[in-house]
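Undergrad: for reference, the sequence and a predicted model appear below.
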Amino acid sequence: MSSYLRREADSFVFRRRVPPHLQARLRRKELYRSLNTTMRRMAKLRAAELFIQTEGLFRMLEEEEDYVPTDEDIRAAVRWSLSTEVWQERIKKLQSRTPGSLRAHHADLARSLMVNVETDALFKERDAMYVEAQYVLEDAGFTGNGKIVARTVEAMLHALQEHVDKRMQEVFRPEASTSHLVTVEAPISPTVRASGISSARISQFLADWQKDIIAGYNHHNPLKDADQYLKTVELFIGLMGDLPLDQITFDVASEFRTFILSMPATHGKGAVVSPKKELARAAANEMLPRVTMKTVKRHFSGMRSIWKWLTYKKHVPATLQPFAGHSFPGTKNKKSARDDWSREDLQRLLTSSEYRSAPTSSALHWLPLIALHGGMRLEEICRLRPDVDIITRDAIPCFNITPREGWDPKTEAGARIIPIHPWLIKHGFMNFVKLQRTRAAGHLFSPQLPDNGKSLSKEFSRHFSKIKIALGVSGKTSFHSFRHTFRTVLDSTDLKDSHINAVMGHEGGGGEGATYTKRITTAKLKEVVEAFQSPLDLAFLEVADTSAPPPAPIARIKKRKLTPPLLAANGKILRPSVKRQ
């Protein structure tokens, strides 16, 4: 049994070679399935179950075919099977479907009914349907090769779809019920299913996608390495097949990830070779170096590119994101990884002489406090305009992060509303905003942070970094770490990730993006912000006195090119007026 159990990347898989004389019937040389576990004991149990099922499959296919079933025989076998108690119980599940569920999943319910979740959970959907079809033929007293089984699958899907359509009619058009079956929906287009997902194959979109990303569609910059992304999609087709879009799921993407990790590291660096041949070569030689996780992550970037374009073109709904949410351990640059602000480092900063001596109307005083209590990026805070971006929404004071001429938030989700934390208000922040408005300040920290047209935060970031280093704060703790601290505290609460993402300006993994977050009420956003409590008790900070004049602009240090002095023969430094001999 251990010969069929393999460990690939961070999970176990089941791999079994199809006997040569059965490969034509099954239309594959190997049966492959992820076992979805990292525990060897559980993997052995699941592999044993798959071994028993594949044994039965091989024995059935090896039987002599004295009689080739006709289409009429196959339809009779399907009717016989669907009339059994087991199948009637499956079909009854349609009765528990809500109208909304029926409408949303109408096009996929027949396939769902055909896949027995209890016994086929370890098979891919296509393999599970083939197994069910073989059982139908066997129960009816027929045998058949791969083509007969494929025809049986189609007959079963057709019959089950009739049951789905009948239930749709009972729910949505009961007045039209007749003694014979009537399909309630208009005929589904061959290119767009009822679920809103195109049934066209992914290869049909390659030319238009490449043209658009090279030109820079939807206000994006033109992509220079479009050919690399194209190679990724071609690799996907080579490994997974030219699938219709409605068959590309999260599980398919996971299998694609596993396949890439199984490929030799030399793939793509020499002569063009079929991806499947490369897989076979790697399987035959376990000593060959494999593709790195970093390369896998790059390929997924390419797949997300075409999927983002498909979403933009309305070929797939925004809620379907099969290439998002996958992990790529070990690919994060450890040098750039940041820590959050610990209680000790916060105390070291906020009790330091540099911080306590800074005017309470200064950027050094307010920027760390705002970032800590709002999770905002440094440039986002510096770009706030006191008369425009500090607003009142639903009677709640808020920061309004919004695009403006010459600057946009980092992401689409970065444009957001953030209620101002009560601690900031108690500390005198709104008084500071009012004073800046009376001074007609262009930005919240004008004139201390001058607008150089590119970045308002650049000089402050350098200044803050020097202070932090002098205080002995860890090198992995930066100003951006205030944002990490804010998120870390909120993640320990019972708040929904989608609500936290709305405040943080994160895209999120559900594919809903900014469209969803804009529907969250201001009261709910306020609840998220107020859930944050500083790791350090800040009671020692007195209410800010905003009557002091704003500090002078932070001095910009110009870099000078250092040149070595000229020395005379006796070692003395030559004055500039002295010419070199």
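TA: It's in.
Undergrad: tell me which residues touch residue 76, please.
TA: The contact partners of residue 76, by CB atoms under 8 Å, 6 or more residues apart in numbering, come to residue 140. All C-beta atoms are positioned from the backbone trio N, CA, C, and that covers glycine.
Undergrad: also residue 521?
TA: residue 394.
Undergrad: the strands in this structure, which residues?
TA: 5-8, 11-17, 30-34, 390-393, 396-401, 416-419 (DSSP state E).
Undergrad: low-confidence stretches in the stretch 251-400 of the chain?
TA: Within the stretch 251-400 of the chain, the segments meeting pLDDT under 70 span 269-272, 331-338.
Undergrad: distance of residue 444 relative to residue 381?
TA: 7 Å (CB to CB, to the nearest Å).
Undergrad: residue 456 too?
TA: Distance from residue 456 to residue 381, by CB to CB: 9 Å.
Undergrad: please name the nearest non-neighbouring residue to residue 540.
TA: residue 351 (7.4 Å; CB to CB, 6 or more residues apart in numbering).
Undergrad: count of neighbours near that neighbour?
TA: 13 (other CB atoms under 10 Å).
Undergrad: tell me the confidence at residue 452?
TA: As predicted, residue 452 sits at a pLDDT of 68.
Undergrad: so what pLDDT did residue 564 get?
TA: Predicted confidence (pLDDT) for residue 564: 64.
Undergrad: before we move on, the earlier item: most tightly surrounded among the strands of the chain?
TA: Mean neighbour count, computed with mean count of other CB atoms under 10 Å, is highest for strand 416-419 among the strands of the chain, reaching a mean of 23.
Undergrad: list the strands paired with it, with their directions.
TA: strand 396-401 (antiparallel) (DSSP bridges).
Undergrad: who's in contact with the strand it pairs with?
TA: 374, 376, 380, 384, 388-393, 409, 414-420, 425, 430, 505, 522-523, 525-526.
Undergrad: likewise for stretch 464-475?
TA: Everything outside stretch 464-475 that qualifies as a contact, by CB under 8 Å, 6+ apart, is 339, 345, 348-349, 352, 354-355, 364, 367, 477-479.
Undergrad: would you show me how to pick out the buried ones of those in ChimeraX?
TA: Listed next is the ChimeraX selection for buried residues among the contacts of stretch 464-475, using 16 or more other CB atoms under 10 Å:
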select :339,345,348,349,352,355,364,367,477,478,479
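Undergrad: now, among the contacts of stretch 464-475, which is nearest to residue 290?
TA: Nearest to residue 290 among the contacts of stretch 464-475: residue 339, at 31.8 Å, using CB to CB.
Undergrad: so for the closest one, what's the nearest residue that isn't a sequence neighbour?
TA: residue 476 (4.5 Å).
Undergrad: cool, and residue 149?
TA: Residue 149 sits nearest to residue 133 (CB to CB, 6+ apart), 5.0 Å away.
Undergrad: list the contacts of residue 387.
TA: Residue 387 neighbours (CB under 8 Å, 6+ apart): residue 437.
Undergrad: can you list phi and psi of it for me?
TA: Main-chain dihedrals, residue 387, degrees, to the nearest 10: phi -90, psi 0.
Undergrad: run a quick check on residue 28 versus residue 18, I expect a contact.
TA: Yes - with contact defined as CB atoms under 8 Å, residue 28 reaches residue 18; the gap is 6.1 Å.
Undergrad: who's more crowded, the two?
TA: residue 18 (19 against 14).
Undergrad: next one: that one from residue 283, what distance?
TA: 14 Å.
Undergrad: mean pLDDT per helix and strand in this structure: which one sits at the bottom?
TA: Using mean pLDDT, DSSP states H and E, the weakest-scoring helix or strand in the chain turns out to be helix 513-517, at a mean of 47.
Undergrad: so residue 427 sits against residue 372, correct?
TA: No - under the criterion of CB under 8 Å, residue 427 makes no contact with residue 372, lying 11.4 Å away.
Undergrad: higher neighbour count, these two?
TA: residue 372 (26 against 21).
Undergrad: between the contacts of stretch 464-475, which is nearest residue 113?
TA: The nearest one, if we look at these relative to residue 113 and count by CB to CB, is residue 339, at 50.6 Å.
Undergrad: pretty sure that closest one contacts residue 481?
TA: Yes - using CB under 8 Å, residue 339 is in contact with residue 481, at 6.0 Å.
Undergrad: run a quick neighbour tally on residue 539.
TA: What residue 539 shows, counting by other CB under 10 Å, is a neighbour count of 6.
Undergrad: and it, what does it touch?
TA: So residue 539 contacts nothing (CB under 8 Å, 6+ apart).
Undergrad: so how far is residue 44 from it?
TA: Residue 539 is 58 Å from residue 44, by CB to CB.
Undergrad: same check on residue 353?
TA: 63 Å.
Undergrad: who has more neighbours out of the two?
TA: Comparing residue 353 with residue 44 by other CB under 10 Å, the one with more neighbours is residue 44, at 17 against 8.
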